[in-house]
Each structure stands twice: as structure tokens, then as C-alpha cells.
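Visitor: Next comes the sequence, and after it the predicted model I'd like to discuss.
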Amino acid sequence: MKKIVLIGELGEIVRSLNECLAGEFQVQLCSEQLENVKAMVKIVKPELIIICQIGVEEIDNAIFEWIQEKCPKIPTLGVTTNEGWKQCREFYKSEQFDVMFRPVAKKELLEKCHQMLQSGGVCETEERVVRSQRRKKKIMLVDDSAILLRSMKSMLEKHYDICLAKSGEQALKLIPRENPDLILLDYEMDGMDGKSTFEAMKEDDDMKWIPVVFLTSIADRKSIYDVLRSKPDGYILKPPDKEKIRETIEELIGEKGI
């Protein structure tokens with residue numbers, strides 16, 4: 001069996017990940033203290049490292065730094081939330097590190113581990129192969145304008161999987177099924193507007209981690225302050241600029257497109 005070191009707070013989430021992996025891999029649990037990580041990696045000599053940031057108030061970046069410096073050939077997977085990703089985004093930009101966001105389905109986790117183990121780590125000559133194996137990130141576009149939806153879909157579909165919703169109500173029904181990596185949400189929709197949709201998402205444990213960027217056509221200062229008061233992950237003025245959208249997506253989910 002391939003050997004995995006699973007790093008994290010030894011609670012319910014880590015136990016659940018261990019149960020998921022144990023049938024197919026030899027898993028060794030390790031607490032999130034750097035000295036323990038060093039010792040465990042030295043003893044086990046794992047072929048994959050998993051860092052679970054969930055349940056940890058703030059992971060010690062020194063763990064990432066040590067793995068990057070001392071174990072550059074060991075692929076490393078982070079299981080995290082959007083906030084956890086932001087804390088460690090510089091490391092996740094490295095080809096050594098990959099990331100999965102909670103909630104993590106058992107099938108997807110096992111597939112990801114097998115994929116990373118098969119790649120044997122990433123070097124410059126392997127980069128294109130590994131990128132071809134990764135799924136495209138999924139972006140949900142929510143707007144009550146069919147014209148704008150078609151336009152934005154055309155801008156992005158070459159590099160991302162795109163799903164569409166014509167209203168806030170439809171978006172809330174589709175999100176659990178589509179599981180998007182990021183949502184571009186019209187702030188001024190008729191009916192259930194962007195603000196109400198965003199607030200409903202934040203009250204749902206399975207949706208609140210998804211980055212949301214508001215699209216707004218009103219550019220005066222007061223309106224922008226109103227948008228920002230909801231604390232979205234960003235906002236873009238309409239008509240949306242292709243490069244601005246791509247830059248925003250890359251910043252939030254660390255993906256330039258495949």
C-alpha cells in the first residue's frame with residue numbers, strides 16, 4: 001500500500017478522512033506541530049502528505065515551508081476552506097501542492113490521492129500532463145439577463161466549466177448539485193437579488209465557503225459601499241471585462257484555467 005501522512009487536529013474531521021483513506025492506503029495520523037511532522041515524515045517516508053486545515057484556527061506556515069524545502073518530491077494535498085486557502089495561498093500556487101475544499105466527497109478524495117500518487121510529484125517537464133489530468137474549475141454565473149449570461153459564458157467556457165442560473169432562487173437550488181468553485185452573482189437582480197442570495201448562502205454550512213463575486217452596473221460611491229457592506233469576496237462592474245474576470249478568478253481560487 002502507498003503510505004500517507006495525514007496532518008491535522010485529531011478530531012472528527014481528521015478521523016473521517018482517515019476512515020475514507022484507510023481501505024486503500026497506509027495512513028499515519030500526525031498532529032499539526034512542526035516537530036511532530038518532521039519526526040513522522042522521517043519515520044514513515046510517505047509518498048503523499050495530506051494537511052487538513054479544517055478545525056485548526058490557523059495552520060503553522062512553517063509546516064508548509066518545511067515540506068516545500070525538505071520534501072520537494074512528495075506531493076502534498078491541502079483539505080481546507082476558502083479562509084484556510086487564503087492563509088496559505090502562496091504555497092498552494094506551487095506545483096507541489098494541490099487543494100480540495102470542504103465538503104470533500106469520498107470518491108473525489110480517493111481519486112485525487114491516486115492522481116497525485118501516480119504523478120509522483122510534479123516537475124517542470126510533467127506540468128502539462130498533470131494539468132491535463134485535473135478537472136476544470138467550475139464557475140456559476142447568476143444573472144437575470146440572458147444576454148449577459150451568454151456573453152460571460154462565451155468569455156470563460158474555454159478555461160472553466162460553466163453552469164448558469166437565471167435567478168437567486170434557481171442558484172440556491174443548483175449550488176448543492178453543481179458544487180461550483182466560485183460564483184459570479186448579479187447584485188441587482190429582480191426578485192431575489194444578489195444580496196439576499198448571498199445572505200442565504202452564508203447561512204448554509206455547505207454553501208458559505210464558496211467565494212462569491214458580485215456583478216454590479218451601478219458605479220457611484222454609495223452603491224459600491226452598499227455592495228461591499230455584504231463582505232463578498234470581490235465585485236466587478238458591468239459590462240464585465242474579460243481580463244478583470246480572469247484575474248479575479250485566479251486570485252480567489254488559484255486557477256488560471258486549463
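Guide: Received the coordinates, thanks. Keep in mind that this is a model prediction, so the values were computed, not measured.
Visitor: what secondary structure does residue 174 sit in?
Guide: With DSSP: H, G, I helix; E, B strand; the rest coil as the basis, residue 174 sits in helix.
Visitor: Only alpha carbons, please: show stretch 64-73 as PDB.
Guide: Only the C-alpha atoms of stretch 64-73 are listed here, as PDB (Å, rounded to 0.1, in the frame of the first residue of the first chain):
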ATOM      1  CA  PHE A  64       4.300  24.200   4.500                       C
ATOM      2  CA  GLU A  65       7.800  25.800   4.400                       C
ATOM      3  CA  TRP A  66       9.500  22.700   5.800                       C
ATOM      4  CA  ILE A  67       7.700  20.400   3.400                       C
ATOM      5  CA  GLN A  68       8.500  22.600   0.400                       C
ATOM      6  CA  GLU A  69      12.200  22.900   1.400                       C
ATOM      7  CA  LYS A  70      12.900  19.400   2.700                       C
ATOM      8  CA  CYS A  71      10.400  17.200   0.900                       C
ATOM      9  CA  PRO A  72      10.000  18.800  -2.600                       C
ATOM     10  CA  LYS A  73       9.300  15.500  -4.300                       C
END
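Visitor: buried stuff in that stretch?
Guide: 64, 67-68, 71 (16 or more other Cβ atoms under 10 Å). (Glycine included, C-beta is placed from N, CA and C.)
Visitor: Now do the helices for the stretch 1-150 of the chain: every range, in order, please.
Guide: Secondary structure of the stretch 1-150 of the chain, counting by DSSP state H, counting those that start in this stretch: helices at 12-22, 34-44, 61-70, 82-87, 89-92, 106-119, 127-133, 146-156.
Visitor: by how many degrees do the second one and helix 61-70 diverge?
Guide: Which is helix 34-44. Using axes from the mean of the first three to the mean of the last three Cα atoms, to 10 degrees, the inter-axis angle of helix 34-44 relative to helix 61-70 is 40 degrees.
Visitor: Mind listing what's buried along helix 34-44?
Guide: 37-38, 40-41, 44.
Visitor: How far does that helix sit from its chain's centre?
Guide: 27 Å (Cα atoms, centre = their mean, to the nearest Å).
Visitor: who touches it?
Guide: Under the criterion Cβ atoms under 8 Å, 6 or more residues apart in numbering, residues 3, 5, 7, 28, 30, 49, 60, 62-63, 66-67, 71, 74 lie in contact with helix 34-44.
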